[in-house]
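Undergrad: For reference, the sequence and a predicted model appear below.
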Amino acid sequence: MIHQAIHWLFQQPRSVKRIISLLLDTLFISLAFWAAYLLRLDSSSLLGSFRHWLVLATMVPVTLLCFVRFGLYRAVLRYLGHHATMVMLGGVAVSAIAMVLAAYYFHAFLPRSVPIIYASLALLLCGGARTMGRALYNQSTKRQKTPVIIYGAGASGRQLNTSLSHGNEYRAVAFVDDNVGLQKALLQGLTVYAPDQLPWLVERFGAQKLLLAMPSISRQRRREIVDSLEELPVDILTIPGMADLVSGKAKLSELHEVNVEDLLGRDPVEPFPELIGANIHGKVVMVTGAGGSIGSELCRQIVQQGPTTLVLFEMSEYALYQIDQELSGMCRKAGCPVRIVPIMASVQRQNRLEAVMQAFGVHTVYHAAACKHVPLVEYNVVEGVRNNVFGTWRAAEAAINCGVETFVLISTDKAVRPTNVMGTSKRLAELVLQGLALRQSNTRFCMVRFGNVLGSSGSVVPLFKRQIRAGGPITLTHEDITRYFMTIPEAAQLVIQAGAMGKGGDVFVLDMGEPVKIIDLARKMVRLMGYEVKDAKHPDGDIEIKVTGLRPGEKLYEELLIGGNELPTAHPRIRTAHEVHLPWQDMAALLQELNTACEQYNQPRIRELLLQAPTAFNPQDGICDLVWQQSQTAETGNENKVVALAL
């Protein structure tokens, strides 16, 4: 009944609540006035004194006016704090002085201790009623909030608890901290427990979520903590990183799921200023494939290094529009004078490439345009080869003809001992640039090879998240499949820095850390999102992991080096590799034959040429091109019809 009355009161308009507060304060002041006399004189004889009623009639409006002027009735009851207490102290003090002056004016009897007793009672009644109302409201709303445990009892954890108490979604039930000195202490009304007590705490309080409030710890330490929490039946959320909090990009109260980056456990290396700005600052830069996941992040990083002009070269109209709008908005907001030039075209058109490079005087090209989805390139061989091989060749020739200083190719770990057309085409693109680097010396060519990037259009992470939210199953091609992972911003920064170290024909390899087994990644994501994996041991689990079989051209594991002859560079995360290459005459002859095969749509000849090239191509499937397969099926059907008619 009390809870219903409290909720009814808090749902009323502000004007109604203020009137109720004024009436209650009038009652409390009157009670405190007469109670002060009663306690001092132990008699109620003054209740009939007209002069004392005049004193009270003077005090009440004066006190209420002070409360109004001091802003007490503008304060929201549920958020009352130190300011409201000071307002009531000031108002009651003025009220006590008004009592003395009114008693003197009306010649009313006033013992010296009565004003003090009155002030104490008035403060107790006015302040206590508000405190009790706030406590009753908070107690009633606690039932509707989700119980959570905060991991981290430091400053961030305590601030988070304060933020949660003012919200309507979560209520903290306990702190957990590794610091032995804090354990068993009472902070903000909550006990601090040791991490090994978490299973018991989850069961005791019915906690549904665990909030990580440690924005400053290293990614390695975060991974260790996340690994230790895997088996808990709770959803794990984290507060933003300290960099975002300091910069104002995020608030402490903003919670999000644990990033997959936290599962990798590798702290990114800060970019070297002398490398990251060498090919960009004060220059004209062009990014092909600017609307893709890697290309767009390259553009974001490039804008921050102060080029004079950034040319966005992209075939997709929608992708070009998006990145142009984003970068233009970034520049306006930051007051950045970079000129953003959106160009819609294909990298297979050399005349268009030359026209753009010549018109804007391009100094540096980052070639990110590529067909990179392994199964799709298997199904569309000619387009994959044309875009990845001939698109790179045309862009490189245009760069040479226009006097571009540096040309950086974004390559892939799938180019190492490839089992698919996509990887083979990227390795051929590397060979093209190595041949051109030997043919001339005006344009520096280099290649940067790395693995999967988290959050890219081809990454499994967004797919797994969608499947988990949909209730499963998670589709996995093979139980033993492993991949290297890196964040998009880290990959883009390393690409830019590697490009600055190139001397001509260099193949740079990014240190991707340890390879990750995809099935382990899937299991961790299921548990961290608050679900249980459904398998033979846990038939009542929530999310099933379903193995569908390797797709055309897919490898169980990826490599970054063809041989073992890698060398360190000035950057701890970048290495250089010396690998086999073809003289340009031999490379040009191979390209001519490959171009003829593509024009004739001769799939067997394309496969033969890819096998002859020094790419170590080792296909695990037959020709998967969909059009070619359909034509073969149609020819077989026609032959069967001819045989049937002959019979």
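TA: Right, received. Where do you want to start? Model, not experiment: these values are computed from the prediction. Residues are numbered from 1 along each chain as shown.
Undergrad: how far away is the nearest residue to residue 193 once chain neighbours are set aside from residue 582?
TA: Spatial nearest neighbour of residue 193, excluding adjacent residues (CB to CB, 6 or more residues apart in numbering): residue 176 at 5.2 Å. The way it works is simple: take the backbone N, C-alpha and C, and place the C-beta from them, glycine included. According to CB to CB, to the nearest Å, residue 176 and residue 582 sit 60 Å apart.
Undergrad: now what about stretch 191-201, what contacts it?
TA: Residues outside stretch 191-201 that contact it (CB atoms under 8 Å, 6 or more residues apart in numbering) are 149, 151, 153, 173-178, 180, 182-186, 207, 210, 228-229, 232.
Undergrad: Residue 176 and residue 582 - which one has more neighbours?
TA: Looking at residue 176 and residue 582 with other CB atoms under 10 Å, you find the greater number of neighbours at residue 176, namely 26 against 18.
Undergrad: Pretty sure the more buried one sits against residue 151.
TA: Yes - under the criterion of CB atoms under 8 Å, residue 176 makes contact with residue 151 at 4.8 Å.
Undergrad: In PyMOL, select just the buried ones from the contacts of stretch 191-201.
TA: Filtering the contacts of stretch 191-201 down to the buried ones (16 or more other CB atoms under 10 Å) takes a single PyMOL command:
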select buried, resi 149+151+153+173+174+175+176+177+182+183+207+210+229+232
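Undergrad: Just the ones of the contacts of stretch 191-201 in strands?
TA: 149, 151, 173-176, 186, 210 (DSSP state E).
Undergrad: Reformat these as TSV; add distance to residue 626 and pLDDT.
TA: As requested, the ones in strands among the contacts of stretch 191-201 are arranged in TSV below (distance: CB to CB, whole Å; pLDDT from 0 to 100):
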residue	distance to residue 626	pLDDT
149	52	88
151	51	88
173	57	86
174	58	90
175	58	90
176	54	89
186	67	86
210	47	85
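Undergrad: can I assume residue 323 sits in a helix?
TA: Yes - using DSSP: H, G, I helix; E, B strand; the rest coil, the assignment for residue 323 is a helix.
Undergrad: Next, the buried residues of stretch 50-70.
TA: 52-55, 58-60, 62-64, 66-67, 70.
Undergrad: nope, stretch 346-365 is what I was after
TA: Buried, per 16+ other CB under 10 Å, within stretch 346-365: 346-348, 350, 352-354, 356-357, 360, 362-365.
Undergrad: now swap in stretch 148-163 and tell me
TA: Applying 16+ other CB under 10 Å to stretch 148-163 flags 148-154, 156-158, 160-161, 163 as buried.
Undergrad: Name the helix or strand of the protein that has the lowest mean pLDDT.
TA: Every helix and strand of the chain was ranked by mean pLDDT, DSSP states H and E. The lowest is helix 242-247, at a mean of 46.
Undergrad: Shouldn't residue 340 be within a strand?
TA: Yes - assigned with three-state DSSP, residue 340 falls within a strand.
Undergrad: What is the lowest-pLDDT residue among the buried residues of stretch 50-70?
TA: Note: of the buried residues of stretch 50-70, the lowest pLDDT belongs to residue 70, at 72.
Undergrad: any idea how far stretch 477-495 is from the chain center?
TA: A distance of 16 Å separates the centroid of the chain from that of stretch 477-495, by CA atoms, centre = their mean, to the nearest Å.
Undergrad: what is the rounded mean pLDDT of it?
TA: The average pLDDT for stretch 477-495 rounds to 80.
Undergrad: do stretch 569-577 as well
TA: 81.
Undergrad: start to end distance for that stretch?
TA: 10 Å (CA to CA, to the nearest Å).
Undergrad: okay, now the domains of this structure?
TA: 2-141, 146-258, 274-612 (automatic domain parsing).
Undergrad: Point out the most buried one among the ones you listed.
TA: Among the domains of the chain, domain 274-612 has the highest mean neighbour count (mean count of other CB atoms under 10 Å), at a mean of 19.
Undergrad: Show the end-to-end separation of that domain, please.
TA: 42 Å.
Undergrad: Residue numbering should commence at 46 henceforth.
TA: New numbering, starting at 46: the last item is domain 319-657.
Undergrad: hey, where'd the helices end up in the stretch 346-495 of the chain?
TA: 362-379, 395-405, 419-424, 426-430, 436-446, 466-484 (DSSP state H, counting those that start in this stretch).
Undergrad: mind giving me a markdown table with the ones you listed and columns for mean pLDDT and distance to residue 667?
TA: Formatted as a markdown table, the helices of the stretch 346-495 of the chain follow (pLDDT from 0 to 100; distance: least, CB to CB, whole Å):
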| stretch | mean pLDDT | distance to residue 667 |
| --- | --- | --- |
| helix 362-379 | 93 | 33 |
| helix 395-405 | 96 | 33 |
| helix 419-424 | 91 | 10 |
| helix 426-430 | 94 | 12 |
| helix 436-446 | 96 | 26 |
| helix 466-484 | 93 | 12 |
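Undergrad: can you redo the ones you listed as a markdown table with distance to residue 513?
TA: Shown next, in a markdown table, are the helices of the stretch 346-495 of the chain (distance: least, CB to CB, whole Å):
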| stretch | distance to residue 513 |
| --- | --- |
| helix 362-379 | 27 |
| helix 395-405 | 43 |
| helix 419-424 | 22 |
| helix 426-430 | 31 |
| helix 436-446 | 36 |
| helix 466-484 | 28 |
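Undergrad: out of these, which comes closest to residue 539?
TA: helix 466-484 (17.2 Å; CB to CB).
Undergrad: ok now the closest one, how far from the chain's centre?
TA: Distance, centroid of helix 466-484 to centroid of chain: 34 Å (CA atoms, centre = their mean).
Undergrad: Please apply the same query to stretch 510-527.
TA: Counting by CA atoms, centre = their mean, stretch 510-527 comes out at 21 Å from the chain centroid.
Undergrad: Just the CA trace of it, in PDB.
TA: Output in PDB follows, covering the C-alpha atoms of stretch 510-527 (Å, rounded to 0.1, in the frame of the first residue of the first chain):
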ATOM      1  CA  LYS A 510      26.600 -12.200 -32.800                       C
ATOM      2  CA  ARG A 511      23.600 -12.100 -35.100                       C
ATOM      3  CA  GLN A 512      23.200 -15.900 -34.800                       C
ATOM      4  CA  ILE A 513      23.500 -15.800 -31.000                       C
ATOM      5  CA  ARG A 514      20.900 -13.000 -30.700                       C
ATOM      6  CA  ALA A 515      18.600 -15.000 -33.000                       C
ATOM      7  CA  GLY A 516      18.800 -18.000 -30.700                       C
ATOM      8  CA  GLY A 517      21.300 -20.000 -32.800                       C
ATOM      9  CA  PRO A 518      22.600 -22.100 -34.200                       C
ATOM     10  CA  ILE A 519      26.100 -20.800 -34.800                       C
ATOM     11  CA  THR A 520      27.300 -22.100 -38.100                       C
ATOM     12  CA  LEU A 521      30.900 -23.200 -38.200                       C
ATOM     13  CA  THR A 522      32.600 -24.700 -41.300                       C
ATOM     14  CA  HIS A 523      35.000 -27.000 -39.300                       C
ATOM     15  CA  GLU A 524      35.900 -27.800 -35.700                       C
ATOM     16  CA  ASP A 525      39.600 -27.300 -36.200                       C
ATOM     17  CA  ILE A 526      39.600 -24.100 -38.300                       C
ATOM     18  CA  THR A 527      41.900 -21.400 -37.000                       C
END
